[in-house]
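1. below is the sequence, then the predicted model.
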Amino acid sequence: EYVQALREWVAVESDSSDITKRSEVQRMMELVAEKLRVLGGKVEMVDIGMQKLPEGGTIALPKVVTAEFGSNARKATVCVYGHADVQPARKEDGWSTEPYNLTDIYGNLYGRGTSDNKAPVLAWIHAVEAYQALEIDLPVNVKFIIEGMEETGSNGLAAMIEAQRDTFFSNVDYIIISDCGWLSTRPALTYGTRGNCYFFAEVEGPKQDLHSGVHGGTVKEPMTDLIGILDTMISSNGSILIPGIRDAVAPFSDDEWKLYQKIDFDMDSYKAKIGVDQLMYENKVELLAHRWRYPTVSIHGIVGAFSAPGTKTVIPAKVTAKFSIRQVPDMDPAVVEKQVTDHLQSEFAKRKSPNKLKVTMIIGAKPWLADPKHPLYQAGKAAVQRVFNTEPDLIREGGTIPIARTFQDVMDKSIIMLPIGGFDDGLHSQNEKMSRYNYIEGTKLFIAYLHEVAQIKKD
Ligand SMILES: CC(C)C[C@H](N)C(=O)NCC(=O)O
């Protein structure tokens, strides 16, 4: 039944980055609401307004689903946050199976959005359902907030949460997020995520594309300008060259070093898993630190570049690079935006090009960091011990959950990230999967966690 429920959700192409798929995201949110309604939750679909598009115009944001199970004032109240949107996926990108057709191969459930984040959201719903089916009272009141824009920066969600601070969130004690993965085969508790500043850099030149034989050598080419300035952001050994960008990075403490040193992480299996012969750092602690708690620059793609099969000899007239900077405490997206824009404009000016450069920050999501000594984490350890009979790793996550910082700073709520995804689930990549083992044992973990969190003594 659990696998069938996941199959139905994976079949919905709820890609929030593609506005032509917006009705699918909306349909996905309705399925989430329906699933919660069937369990008797008090469910609402909250309208969070319109999204402004970078190219002009607006489109309705997907509704946010909220639900409540129980309102006993003597019990603690937890709120589970998750998302039901996904990253793009096409079979032609190199998938071995159809991305929107859940396929079970040797106990691995392949499909876009399985691990990120549809199975974990379903596992939480199934945890509530399990208590009901066994006729055991929920040990805590459980609320849900499930959104449809996480993959593109959680547009509109912070405002909705702030608007409901004194209503839906007024009695929430703790936020639980299960939107990340373990580091190895050992279960983990996550106490930090990086933030993300996502940029478009557009270089515009001639009024239309040109023949590279007829016109090559006569004009400054937009693509050459773009590649030139992109190359000034990061060195080949991974150092970010944008002035000032590392100034706000919190120093790496001895305690962190000790914590990272204790983590069981095999560099060779990591290499094998991602298919590389060499990593940027050969030392485990340094590698984990650069994965979790130092900033990075990644260049994702160039719109307008010729990429079809064949050998078209063209000078593209306008090209737009998409790149992002994962940032860490205590960096601030507004400062990063200025540092990046100033740097690129100054490098562009050095090229003395007649072309025009426009730099826009599309997403500015902050990093998040919790205290792993908080009782929420003690409860996590106890739940992991109960279900997996082992100690969890205490880890951070290199990816971004944009809303985590809002819950912490604006709403003043304590958060735990309780992942059930496997270390090799391939989020955002080809052949994303969730194993049956992680899905089913993860459901048991959530059931146990609800019990453990109820044992926390309130101040
Ligand atoms: C591993 C991440 C925290 C998972 C998350 N759903 C995500 O992909 N966020 C967007 C991102 O680009 O990090």
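-> Received, thanks. Numbering: from 1, shown residues only.
2. buried residues of stretch 66-73, list them for me.
-> 66-70 (16 or more other Cβ atoms under 10 Å). From N, CA and C alone the C-beta is placed, and that goes for glycine too.
3. restrict those to those near the ligand?
-> Restricting the buried residues of stretch 66-73 to those touching the ligand (Cβ under 6 Å from any ligand atom) yields no residues.
4. where does pLDDT dip in the stretch 151-300 of the chain?
-> The stretch 151-300 of the chain contains no residues with pLDDT under 70.
5. around the ligand, pick out the residues from it.
-> For the stretch 151-300 of the chain, the residues in contact with the ligand (Cβ under 6 Å from any ligand atom) are 151, 179-180, 193, 196.
6. of those residues, closest to residue 393?
-> Within these, distances to residue 393 taken as Cβ to Cβ reach their minimum at residue 180, with 12.2 Å.
7. show me what contacts that closest one?
-> Taking Cβ atoms under 8 Å, 6 or more residues apart in numbering as the definition of contact, the neighbours of residue 180 are 190, 193, 397, 399, 401, 417, 419, 421.
8. which two in these are spaced the farthest apart?
-> 193 and 421 (13.5 Å).
9. was I right about residue 379 contacting residue 457?
-> No: between residue 379 and residue 457 no contact is recorded; they are 11.3 Å apart, counting by Cβ atoms under 8 Å.
10. now do the buried residues in stretch 355-374.
-> Using 16+ other Cβ under 10 Å as the test for burial, stretch 355-374 gives 355, 357, 359, 361, 363-370, 372, 374.
11. I meant to write stretch 55-64 there.
-> By neighbour count with 16+ other Cβ under 10 Å, stretch 55-64 contains the buried residues 61-64.
12. which of residue 379 and residue 457 has more neighbours?
-> Ranked by neighbour count (other Cβ atoms under 10 Å), residue 379 and residue 457 place residue 379 first, with 23 against 6.
13. quick one: the more buried one from residue 362, how far?
-> 37 Å (Cβ to Cβ, to the nearest Å).
14. residue 449 against residue 176, yeah?
-> Yes: at 7.4 Å, residue 449 and residue 176 qualify as touching, with contact defined as Cβ under 8 Å.
15. compare these two (neighbour count), which wins?
-> Taking neighbours as other Cβ under 10 Å, residue 449 and residue 176 compare with residue 449 leading, 27 against 21.
16. which among the residues of the stretch 151-300 of the chain next to the ligand count as buried?
-> Burial by neighbour count, judged by 16+ other Cβ under 10 Å, picks out 151, 179-180, 193, 196 from these.
17. what's the closest non-adjacent residue to residue 293?
-> residue 328 (5.2 Å; Cβ to Cβ, 6 or more residues apart in numbering).
18. that neighbour: neighbouring residues, count only.
-> For residue 328, the number of neighbouring residues by other Cβ under 10 Å comes to 24.
19. what does residue 11 give?
-> Based on other Cβ under 10 Å, the number of other residues close to residue 11 is 15.
20. with residue 224 instead?
-> Count around residue 224 with other Cβ under 10 Å applied: 17.
21. same question for residue 108.
-> Counted by other Cβ under 10 Å, the residues lying close to residue 108 total 18.
22. tell me who's in contact with it.
-> Remark: with contacts taken as Cβ under 8 Å, 6+ apart, residue 108 is in contact with 433-436.
23. coming back round to it: of the buried ones among the residues of the stretch 151-300 of the chain next to the ligand, which belong to strands?
-> Counted as lying in strands by DSSP state E, out of those, are 193, 196.
24. just give me the closest of the buried ones among the residues of the stretch 151-300 of the chain next to the ligand to residue 271.
-> Compare each of those with residue 271 using Cβ to Cβ and the shortest gap goes to residue 180, at 21.3 Å.
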